[in-house]
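1. Provided below are the primary sequence and the corresponding predicted coordinates.
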Amino acid sequence: MFKTLVTMMNGQSARAEDRVRDAFAIELIDQKIRESDAGLRAGKATLASLIQRQRAEEQQHSALKGRVVDLTGRATEALEKGREDMATEAARAIATMENELTVRHETLEQLDQKIVRLSSSIEAGHRRIIDLKQGAIQARAVKREQDIQMKMTRSGMSSNSTQEAEDLIARVLGRDDPFEKAEILADINQDLQGDSITNRMADAGFGVATRTTADDVLARLRSTKTSSHQTKEQ
């Protein structure tokens with residue numbers, strides 16, 4: 001039972017941590033990028049120190065090598081002139097410097113290896129940071145889109161709300177026109193009362209006209225035109 005409770009508590013803690021990480025994802029990404037930038041700057045500073053030390057070692061190695069060459073020439077000349085004592089002393093100094101040259105040569109090789117490895121790491125880190133910054137830009141765009149979607153949902157502009165509004169509009173537009181319906185009902189009532197057949201027979205010339213027709217209007221217009229023309233002639 002205790003193990004089950006511990007497992008449930010660990011699960012809740014993990015879910016809470018995930019929610020926090022999701023809520024502050026952009027801030028966490030920016031923080032990790034800043035940390036990576038700081039590490040890259042430290043690596044560059046270390047690389048600069050190694051290169052500086054390498055140059056100093058190369059200068060000392062070159063100077064020491066020059067001293068060995070110079071002292072070797074002097075020792076040879078001393079031997080030629082029979083100064084065994086000075087040639088021996090010079091030989092001891094040359095041996096010491098040659099041993100120092102060996103040590104400095106090994107130091108230079110180690111520095112070369114460190115510089116190559118660190119330079120490779122810095123280049124890889126630089127590329128990764130560029131990728132991280134590009135990813136952060138994309139993450140911000142996605143986050144903005146998600147925020148907009150959430151605002152639209154909170155303001156009632158979700159897909160369900162939009163669909164409901166469209167359905168209501170279609171329902172209103174699909175209703176019958178009350179005025180058209182009233183006209184139809186009036187026509188039906190006229191037919192039931194016999195007014196419709198009376199009007200149609202009157203229009204056909206049977207009996208007295210029950211309403212003014214287009215022919216009546218045209219006849220009146222012609223009559224008015226004829227009367228006006230006769231008046232002008234008189």
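-> Structure's in. What do you need?
2. helices or strands next to the longest helix along the chain in the packing?
-> Criterion DSSP state H: the longest helix present in the chain is helix 84-154. Here helix 84-154 touches helix 25-80, going by 3 or more CB pairs under 8 Å, 6 or more residues apart in numbering; DSSP states H and E. To be clear about C-beta, it is placed using only N, CA and C from the backbone, and glycine gets the same treatment.
3. the helix it packs on to helix 84-154, inter-axis angle?
-> 170 degrees (axes from the mean of the first three to the mean of the last three CA atoms, to 10 degrees).
4. tell me what helix 25-80 is packed against?
-> helix 84-154.
5. where in the protein is pLDDT low?
-> Along the chain, the model assigns pLDDT under 70 to residues 1-24, 152-162, 165, 169, 171-216, 225-234.
6. ok, and what's touching stretch 109-121?
-> Gly43, Thr46, Leu47, Leu50, Ile51, Arg53, Gln54, Glu57 (CB atoms under 8 Å, 6 or more residues apart in numbering).
7. how about the contacts made by the second one?
-> For Thr46, the contact set (CB under 8 Å, 6+ apart) comprises Leu118.
8. quick one: it and Gly82, what's the gap?
-> 55 Å (CB to CB, to the nearest Å).
9. domain ranges for the protein, per the record?
-> 2-166, 179-233 (automatic domain parsing).
10. who touches stretch 66-73?
-> Residues contacting stretch 66-73 (CB under 8 Å, 6+ apart): Ala90, Ala93, Ile94, Met97, Glu98, Leu101.
11. now stretch 75-91
-> Here stretch 75-91 has contacts from Leu71, Thr72, Arg74, Ile94, using CB under 8 Å, 6+ apart.
12. by neighbours, which of those residues wins?
-> Ile94 (18 neighbours; other CB atoms under 10 Å).
13. which among the contacts of stretch 109-121 end up buried?
-> Buried by 16 or more other CB atoms under 10 Å: Gly43, Leu47, Leu50, Gln54, Glu57, out of those.
14. hang on, isn't the fourth one packed against His61?
-> No - with contacts defined as CB atoms under 8 Å, Gln54 does not count as touching His61, sitting 10.2 Å away.
15. and for these two, which residues touch both?
-> Leu108.
16. how many neighbouring residues does Lys118 have?
-> Careful, residue 118 is Leu and not Lys. Other residues close to Leu118 by other CB under 10 Å number 16.
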